[in-house]
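Participant: any chance you could fold what I've pasted below:
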Amino acid sequence: MAPRPAWKGYLKLSLVTCAIELTNVVTHAEKVSFRILNRKTGNTVKRIYVDAETGKPLDDGDEIKGYEVDGGDFIHIEEEEIEAVQIESSHTMSLDGFVEKSSIEQIYLDTPYYVAPADKVSGEAFAVIRDAMAARKMAGLARLVLYQRERPVVIEPLGKGMVLTTLRYDNTVRQPDTVFDDIKAAKTDDEMIDLAQHIIDKKKAKFDPSKFDDRYEDALLELIRAKKAGKKPPKAKAPPRPSNVVNLFDALKKSLNSDGGGKAGKSSAKAPAGRAKSKASAPKRKSA
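Facilitator: Residues are numbered from 1 along each chain as shown. I've put the predicted structure just below:
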């Protein structure tokens, strides 16, 4: 069964328009999920709205959205009134500008969606827009109303289709300097950088998402299988927690050796003068 589109509308480049649909890139179909049960009866439970003042549950149809104003009063808003709010980006994504995708800082990228033509008639116009962006190696900027909120988006070619990524608003993003300004400047040693680079070179690989396994979910499934079979849950062995590095140079050398060893150029030489002394004077960790 084809996935249900998250949005349907039109993609517009100047006077060229085509019908499109967005499909979620991420699926949670295979994820372990739990239901809430009544411990005594084993029955599933459900949530109900309860009046905060009277404590009485609401009947079907009695719920209504409210926007709080001064003095704790609320303006009642009907679902039909919200659905009636329409702007251009509710149904049309107009490509207003083009940028290199790499120019968009990663902190602004949010949720990806696949973009495909919604019908055969739109196929040609869709392909023209896609191929033109691919030829220029550019990504398009647009706006889209999704889940009752207008979101800035970036669209780029991807194979036969395109991929759209919603963007975060600047005023919702915590800027790096608000966190990184507290990091004290550290004077790094060229030899230690060289050792770290050798470790990186030995671990260099091609990106392959198929090699990513959700080990936590595997452990949950192991627990579920054991309980289903009437066995005791497997005892989890807590992995050893890493400790603070006392001598960074030695730690780098040991890391290099443990990852295949070998000579690491001049960096595999003895520790520079001054660092050996710090090793000897470093306090020993207390045993548990």
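Participant: which residue packs closest to Thr111, ignoring adjacent ones?
Facilitator: Nearest non-adjacent residue to Thr111, counting by Cβ to Cβ, 6 or more residues apart in numbering: Thr166, 4.9 Å away. All C-beta spots, glycine's among them, are computed from the backbone N, C-alpha and C.
Participant: part of a helix, is that neighbour?
Facilitator: No: assignment of Thr166 by DSSP: H, G, I helix; E, B strand; the rest coil gives strand, placing it outside any helix.
Participant: my read: it touches Ile155, true?
Facilitator: No: contact criterion Cβ atoms under 8 Å: Thr166 and Ile155 do not qualify, at 10.6 Å.
Participant: out of those two, which sits in the more crowded spot?
Facilitator: When Thr166 and Ile155 are compared for neighbours, Ile155 comes out ahead with 25 against 19, by other Cβ atoms under 10 Å.
Participant: who touches that one in this structure?
Facilitator: Leu11, Met93, Leu95, Val115, Met133, Ala139, Gly140, Leu141, Ala142, Met162, Val163, Leu164 (Cβ atoms under 8 Å, 6 or more residues apart in numbering).
Participant: can you give me the distance of the residue nearest to Thr111 to Met93?
Facilitator: Relative to Met93, Thr166 is positioned 11 Å away (Cβ to Cβ, to the nearest Å).
Participant: joint contacts of the two?
Facilitator: In contact with both Thr166 and Met93: Leu144, Val153, using Cβ under 8 Å, 6+ apart.
Participant: just the helices in the stretch 151-288 of the chain please.
Facilitator: Using DSSP state H, counting those that start in this stretch, the helices of the stretch 151-288 of the chain run over 177-180, 190-202, 215-228, 248-258, 275-281.
Participant: out of those, flag the one nearest Asp110.
Facilitator: Comparing the helices of the stretch 151-288 of the chain by their distance to Asp110 (Cβ to Cβ), the top pick is helix 177-180, with 19.0 Å.
Participant: which helices and strands sit right next to that closest one?
Facilitator: Contacting helix 177-180 under the criterion 3 or more Cβ pairs under 8 Å, 6 or more residues apart in numbering; DSSP states H and E is no other helix or strand.
Participant: how far off centre is it?
Facilitator: With Cα atoms, centre = their mean, to the nearest Å as the basis, helix 177-180 stands 20 Å off its chain's centre.
Participant: can you give me the strands in the stretch 101-250 of the chain?
Facilitator: 109-117, 139-145, 150-158, 161-167 (DSSP state E, counting those that start in this stretch).
Participant: possible to save those as JSON lines with distance to Lys203 and mean pLDDT?
Facilitator: Shown next, in JSON lines, are the strands of the stretch 101-250 of the chain (distance: least, Cβ to Cβ, whole Å; pLDDT from 0 to 100):
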{"stretch": "strand 109-117", "distance to Lys203": "25", "mean pLDDT": "96"}
{"stretch": "strand 139-145", "distance to Lys203": "31", "mean pLDDT": "96"}
{"stretch": "strand 150-158", "distance to Lys203": "28", "mean pLDDT": "97"}
{"stretch": "strand 161-167", "distance to Lys203": "28", "mean pLDDT": "97"}
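Participant: export these to JSON lines and tack on distance to Arg215?
Facilitator: Shown next, in JSON lines, are the strands of the stretch 101-250 of the chain (distance: least, Cβ to Cβ, whole Å):
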{"stretch": "strand 109-117", "distance to Arg215": "24"}
{"stretch": "strand 139-145", "distance to Arg215": "34"}
{"stretch": "strand 150-158", "distance to Arg215": "29"}
{"stretch": "strand 161-167", "distance to Arg215": "27"}
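Participant: so which of those is nearest Leu22?
Facilitator: strand 109-117 (4.2 Å).
Participant: so which other helices or strands are in contact with the closest one?
Facilitator: strand 16-24, helix 123-136, strand 150-158, strand 161-167.
Participant: Lys65: which of the ones you listed is closest?
Facilitator: Closest among the helices and strands packed on strand 109-117, once you apply Cβ to Cβ, is strand 150-158, at 18.4 Å.
Participant: what inclination does the closest one have with respect to strand 161-167?
Facilitator: 150 degrees (axes from the mean of the first three to the mean of the last three Cα atoms, to 10 degrees).
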